[in-house]
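Engineer: Sequence and predicted structure below; questions after.
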Amino acid sequence: MEKRSFMFGTAVTDYNFIGRESEIRRLVANFTEGINTILISPRRIGKTSLVKQVKQHFEKIESDIIIVYLDMFACKTEYEFYNALSSAVLKQTASHAEKWMEHAKDFLVRLTPKITISPEANTDFTLSLGITPKTHTPEQVLSLAEDIARKRGKRIVVCIDEFQQLGELPDSLTVQKRLRGAWQHQQMVSYCLFGSKMHLMNTIFQRRNMPFYQFGDTIFLGKIPTALWTDYIVQHFEDRNRHISRDLAQRLSAIVDQYSSYVQQLAWLLFSRVGVGEAATEERFRQAVNDLLDANEGLFMQQIEPLTAYQMNFIRAIVHGIHSDFGEKNIREEFELGSASNIARLKTALINKDLVESRNRGQLFLTDPVFELWFRHRIL
C-alpha cells in the first residue's frame, strides 16, 4: 500500500507518526507495570495517535498485555458508557466474533446482543449489548475487564478517549465515585484516560475533592518541536518527488502553532498544490493557508454563532494581544466588555465553550490556533 504523505482527522501511526519518543517510553513502562495514566492536552495535539502507536507496539511484540481502546465522546448517560465499555472490552479481547460470544456467556449473563459481521474476510464486526439497570449493576460491568484478564492470564489496559465526557454525564460525581471505587482495586487491569477539553480534564483529575484526584501518572502532552516538524515536512515532500525549503516548512508548522493535526492538514493542502518535481512557493503557501481557513470556516462559524456581543468582544481582545487584566477600565472600554463584574462571567462562559483556556498563571488564550488565525483574518 502506498504511503500517504500527510494525514489529518484520524489517528496516525508509523510513517505518518512523528516524535514522542519519551512519551512512548513512559506509556510503555506504565502499561507494562500496570500504572494508571492520565493524558491531558488541547485538541489536535496527537493524544489518540500516541496511544494507538503504543497499542501497536504491544501488538507487534505479541505481548501478554492487551490494549483496549474506547472513544467515550458519544456517551451521554452512565449506561451508554457501560454498553460502550463492555462492547470494547469484549470485542478487543476476543480474536473473532465466535470468541466474543464465549466471553459474553462467561462474563455477562442476561444479554440481548445484536451482532453484525461483515461478509468480507478479516473485517471488523459491530455489536450492541442491551445492558440496562434491570439487567446489570454498574459493578458487574466495571469488573468485566478484570474478570476476563484473570481468566486469560493476561494484563489489560483500557484506554478511554474523550474521558472528559464523564464530567458531563447526569449525576456525574456519583458516577465518578463509582468508577474510581471499582477501578482502584483491580490488579490485572489499568487505565489510560485522556481527553481534549482541558478545563474538564483538570476538574476531574486535578482537584483534591474529586474522586479521580491522584488516580495515576498525569502527563501533560506538549507540542512537537518545530525542528522535528521541519525535518518531517521536508522529507515527506522529497519522498514524493516534491520540494519545500526548510524555511517554508518551519513557517508552515509555526503558523498553526505546531498543533499536530493542523500541521498535517496544512502540509497536505500545500503538497496538493505542488506538482511532481516542483517546489513549494510563497504564493502556493498563502493559497494553502487560505484553503485551511476555508476548510474550517463552517465549524468556526458554528462556534461563534451563539456568542453574545460581549463574548465576541472578549475574543477580539485576546486576538489583539490582551491576555490578562481584562477588568482594567481602559481595556473594558476599548473592547466594550461591559462592567468589571461582567469579566468573570465572560471568562467562565468562554472556557466552558472550549474557546478559551488559561495558561501561564491565569493568562487567557484561544484554544485553537487556526480559529485565532481565521478570526484575525476574516472577522476583525
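Structural biologist: Noted; the coordinates are in hand. Predicted model, so just to flag it, every value in this text is computed and none were measured.

Engineer: which residue ranges form the strands in the stretch 1-150 of the chain?
Structural biologist: 37-40, 65-71, 114-117, 125-128 (DSSP state E, counting those that start in this stretch).

Engineer: again, but for the stretch 251-380 of the chain
Structural biologist: Taking DSSP E, counting those that start in this stretch as the criterion, the stretch 251-380 of the chain contains strands spanning 356-359, 363-366.

Engineer: Any chance of those in TSV with mean neighbour count as columns?
Structural biologist: C-beta here means a position set from N, CA and C on the backbone, and glycine is covered the same way. What follows is these, written out as TSV (neighbours: other Cβ atoms under 10 Å):
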stretch	mean neighbour count
strand 356-359	16
strand 363-366	17
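
Engineer: Comparing those, which yields the minimum mean pLDDT?
Structural biologist: Of all these, mean pLDDT reaches its minimum on strand 356-359 (a mean of 92).

Engineer: thinking again about what came up before, to Y259, which of the strands of the stretch 251-380 of the chain lies closest?
Structural biologist: Go through those one by one with Cβ to Cβ and the one that ends up closest to Y259 is strand 363-366, at 11.8 Å.

Engineer: coming back round to it: got a markdown table for the strands of the stretch 251-380 of the chain, with distance to W374 too?
Structural biologist: Formatted as a markdown table, the entries for these read as follows, by distance: least, Cβ to Cβ, whole Å:
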| stretch | distance to W374 |
| --- | --- |
| strand 356-359 | 15 |
| strand 363-366 | 10 |
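
Engineer: before we move on, the earlier item: where among the strands of the stretch 1-150 of the chain is average confidence lowest?
Structural biologist: Across the strands of the stretch 1-150 of the chain, strand 114-117 has the smallest mean pLDDT, namely a mean of 59.

Engineer: which stretches of the stretch 1-150 of the chain have low pLDDT?
Structural biologist: Across the stretch 1-150 of the chain, the stretches falling below the confidence threshold (pLDDT under 70) are 1-2, 95-128.

Engineer: can you pull the buried residues of stretch 322-329?
Structural biologist: For stretch 322-329, the buried set under the neighbour-count rule, 16 or more other Cβ atoms under 10 Å, comprises I322, F326.

Engineer: pull the CA atoms of that stretch into CSV?
Structural biologist: Taking only C-alpha atoms (Å, rounded to 0.1, in the frame of the first residue of the first chain), the coordinates of stretch 322-329 have been written out as CSV:
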residue,chain,number,x,y,z
ILE,A,322,-4.7,41.1,25.6
HIS,A,323,-4.2,38.1,27.9
SER,A,324,-4.8,39.5,31.4
ASP,A,325,-6.1,42.5,33.3
PHE,A,326,-9.4,42.4,31.4
GLY,A,327,-11.1,44.2,34.2
GLU,A,328,-8.9,47.3,33.8
LYS,A,329,-11.1,50.3,32.8
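
Engineer: coming back round to it: D247: which of the strands of the stretch 251-380 of the chain is closest?
Structural biologist: Nearest to D247 among the strands of the stretch 251-380 of the chain is strand 363-366 (26.3 Å), distances taken as Cβ to Cβ.

Engineer: Within its sheet, name the partner strands of the closest one and how each one runs.
Structural biologist: Strand 363-366 has the following sheet partners, assigned by DSSP bridges: strand 356-359 (antiparallel).

Engineer: And the contacts of whichever helix in the chain runs longest?
Structural biologist: Identified as the longest helix of the chain according to DSSP state H is helix 282-304. Contacts of helix 282-304 from elsewhere in the structure, counted by Cβ atoms under 8 Å, 6 or more residues apart in numbering, are 248, 251-252, 255-256, 262, 265-266, 269-270, 273-274, 312, 315, 353, 355, 370-371, 373-375, 377-379.

Engineer: Could you find the closest non-adjacent residue to N342?
Structural biologist: Y310 (6.4 Å; Cβ to Cβ, 6 or more residues apart in numbering).

Engineer: any idea how far I379 is from the one you found?
Structural biologist: Y310 sits 15 Å away from I379, going by Cβ to Cβ, to the nearest Å.

Engineer: Same question for V356.
Structural biologist: Counting by Cβ to Cβ, the gap from V356 to I379 is 15 Å.

Engineer: cool, and Q258?
Structural biologist: Using Cβ to Cβ, one gets 24 Å for the distance from Q258 to I379.

Engineer: S261 and A11 touch, don't they?
Structural biologist: No - distance between S261 and A11: 10.0 Å, which falls outside the contact criterion (Cβ atoms under 8 Å).

Engineer: neighbours around A349, how many?
Structural biologist: Around A349 sit 16 other residues, with neighbours defined as other Cβ atoms under 10 Å.

Engineer: contacting residues for it?
Structural biologist: Q311.

Engineer: can you tell me how far it sits from E372?
Structural biologist: According to Cβ to Cβ, A349 and E372 sit 18 Å apart.

Engineer: Kindly report the same for V54.
Structural biologist: In this structure, V54 and E372 are separated by 31 Å, where distance is defined by Cβ to Cβ.

Engineer: Out of these two, name the residue with the larger neighbour count.
Structural biologist: Legend: neighbour count by other Cβ under 10 Å for V54 and E372, higher for V54 (25 against 19).

Engineer: Can you tell me how far the more buried one is from S190?
Structural biologist: In this structure, V54 and S190 are separated by 13 Å, where distance is defined by Cβ to Cβ.
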